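> build the 3D model from these lines:
(chains A and B)
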Number of protein chains: 2
Amino acid sequence: MLDLSALKFDKNGLIPVVVQDFNTNEILMLAYMNKESINLTIETGYMHYFSRSRNKIWKKGETSGNFQKVKALYLDCDGDAILAIVEQTGVACHTGSKTCFFTNIFGEDKKSKVDILFKLIETINDRKKNKVEGSYTCYLFEKGLDKILKKVGEEATEVVIAAKNGSKEEVIYEVSDLIYHLSVLLSYFDMDWSDIFKSLEQRRK
Amino acid sequence: MLDLSALKFDKNGLIPVVVQDFNTNEILMLAYMNKESINLTIETGYMHYFSRSRNKIWKKGETSGNFQKVKALYLDCDGDAILAIVEQTGVACHTGSKTCFFTNIFGEDKKSKVDILFKLIETINDRKKNKVEGSYTCYLFEKGLDKILKKVGEEATEVVIAAKNGSKEEVIYEVSDLIYHLSVLLSYFDMDWSDIFKSLEQRRK
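Purely as a prediction, here's the structure:
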């Protein structure tokens, strides 16, 4: 059992939990835990919360099947909030949205686009399994590894030409093309960008 | 003034706010807002919170200089939590840590590594400005654009060879090398991976 002495629960015995998707870094929801739900989470490996409206513990996904596998828990500097990193099955929100925070109330819809790399791989993995008429990605997989690699070489050369032209716009366009084809290559080998990020992180140390 | 009628404040007139870094998607902190601090945030463009311990409104960074420029606000599906996307000056935590959630209490330190691309560009930008003895990145900038582009070509070729060897490990290693050199190229043109992600997102639609 985890030592919960550093955690500061409110007068109802609850602590707010920010829930973040491990793969995309998206914020999925904000919920509350009591001691028992924290222990259940750690024992079972799946997120359990305390429902303030129903006044009871619930396992996320118990009715929807959209479980959250816990990867890690973090405590904030003053001990009164938890960050949970989870692997989300399906969607987090009961409305069918991936995240509960889908209502933009101020500013442009400016969520960081960093999760595009994961969405890209998801789409590519789908094309690898399911043939879609007229899909360029399907065409690449049909042609096979040599074709994918020829495109990697071609796009890298186009990056070089764009940079020699001194055009930022061209560089953006060609690097994006290269990233797309590298994503196809990673998918071909059943890998994704997490493998690359882990490698870059290790070599940075 | 923003229409706050959809927001459900607690009996103290507060609503919890999850604060996320626009560039890296990191969760920086969890804080609370009342109506007035929301309005101040929108009027000034900088995050204002309500301190429960000091019982007053405070502008984040007013003493430390570590301001948070608000990019967007989202409301969750049941209206009782806000997600704020911010551009953080310096660090968010009073301890000097980038995020308040630095204490790992369960699981491996498995935060998604997607922010490595931004850390990489930060380091590269620093090397571009400040000469560091023995730094390979400094060497690349000294040699200039042609050298950077030769390396992009070379690393792309090494990706091809690794894939033809059928080795996942080699592919990971060489794609990582290519991503590093592409990061140097982006930095050379005063760009970063956000530019690429925006482009990929637009072309996906």
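
> only C-alpha atoms from now on, for both contacts and neighbour counts.
Will do.

> just give me the neighbour total for the closest residue to A:K131 other than its chain neighbours.
Leaving out its chain neighbours, the residue that sits closest to A:K131 by C-alpha to C-alpha, 6 or more residues apart in numbering or on different chains is A:C138, at 6.2 Å. By the criterion of other C-alpha atoms under 10 Å in any protein chain shown, A:C138 has 21 neighbours.

> A:C138 should be in a helix, yeah?
Yes - looking at A:C138 with DSSP: H, G, I helix; E, B strand; the rest coil, it is inside a helix.

> who's in contact with it?
A:C138 makes contacts with A:R127, A:K128, A:K131, A:V132, as judged by C-alpha atoms under 8 Å, 6 or more residues apart in numbering or on different chains.

> farthest-separated two in these?
Taking C-alpha to C-alpha as the measure, the contacts of A:C138 span a maximum distance of 9.4 Å, between A:K128 and A:V132.

> who's more crowded, the two?
Shown here are A:K128 and A:V132; by other C-alpha under 10 Å, A:K128 has more neighbours (19 against 13).

> SS state for that one?
helix.

> check contacts around it.
Contacts of A:K128 by C-alpha under 8 Å, 6+ apart are A:T137, A:C138, A:F141.

> quick one, helices of chain A?
Ranges of helices within chain A are A:35-44, A:116-129, A:136-143, A:145-164, A:168-188, A:193-204, based on DSSP state H.

> going by mean pLDDT, which of those helices comes out lowest?
Lowest mean pLDDT within the helices of chain A: helix A:193-204, at a mean of 87.

> determine which residue lies closest to the centroid of chain A.
A:T24 (1.9 Å; C-alpha atoms, centre = their mean).

> so it touches A:D115, yeah?
Yes - applying C-alpha atoms under 8 Å as the test, A:T24 and A:D115 come out as touching, 4.9 Å apart.

> out of the helices of chain A, nearest to B:A162?
That would be helix A:145-164 among the helices of chain A, by C-alpha to C-alpha, at 10.3 Å.

> which elements pack onto that closest one?
Judged by 3 or more C-alpha pairs under 8 Å, 6 or more residues apart in numbering or on different chains; DSSP states H and E, the packing partners of helix A:145-164 are helix A:136-143, helix A:168-188, helix B:145-164.

> re the thing from before, of the contacts of A:C138, which is the nearest to chain B?
Of all these, A:R127 has the smallest distance to chain B: 14.2 Å, by C-alpha to the nearest C-alpha.

> can you tell me the closest non-neighbouring residue to the closest one?
Counting by C-alpha to C-alpha, 6+ apart, the residue nearest A:R127 is A:C138, at 5.6 Å.

> cool, A:K56 as well?
A:F50 (5.6 Å).

> can you give the domain ranges for chain A?
A:15-88, A:113-204 (automatic domain parsing).

> hang on, the earlier thing: count of neighbours near the residue nearest to A:K56?
By other C-alpha under 10 Å, 24 other residues sit near A:F50.

> again, but for A:D192
Number of residues near A:D192 (other C-alpha under 10 Å) recorded here: 22.

> pull the contacting residues for the residue lying closest to A:L185 once chain neighbours are set aside.
Leaving aside its sequence neighbours, A:L185 sits nearest to A:I148 (C-alpha to C-alpha, 6+ apart; 6.6 Å). Residues in contact with A:I148 (C-alpha under 8 Å, 6+ apart) are A:L140, A:F141, A:H181, A:V184, A:L185.

> ditto for A:C93
Residues near A:C93 by C-alpha under 8 Å, 6+ apart: A:L28, A:M29, A:T99, A:C100, B:C77.

> state the distance from the second one to chain B.
Per C-alpha to the nearest C-alpha, to the nearest Å, A:M29 is found 7 Å from chain B.

> just A:F101 next, same as before
4 Å.

> looking at it, that residue is touching B:D78, isn't it?
No - using C-alpha under 8 Å, A:F101 is not in contact with B:D78; the gap is 9.4 Å.

> higher neighbour count, those two?
A:F101 (24 against 11).

> neighbours around A:K147, how many?
Neighbours around A:K147, by other C-alpha under 10 Å: 14.
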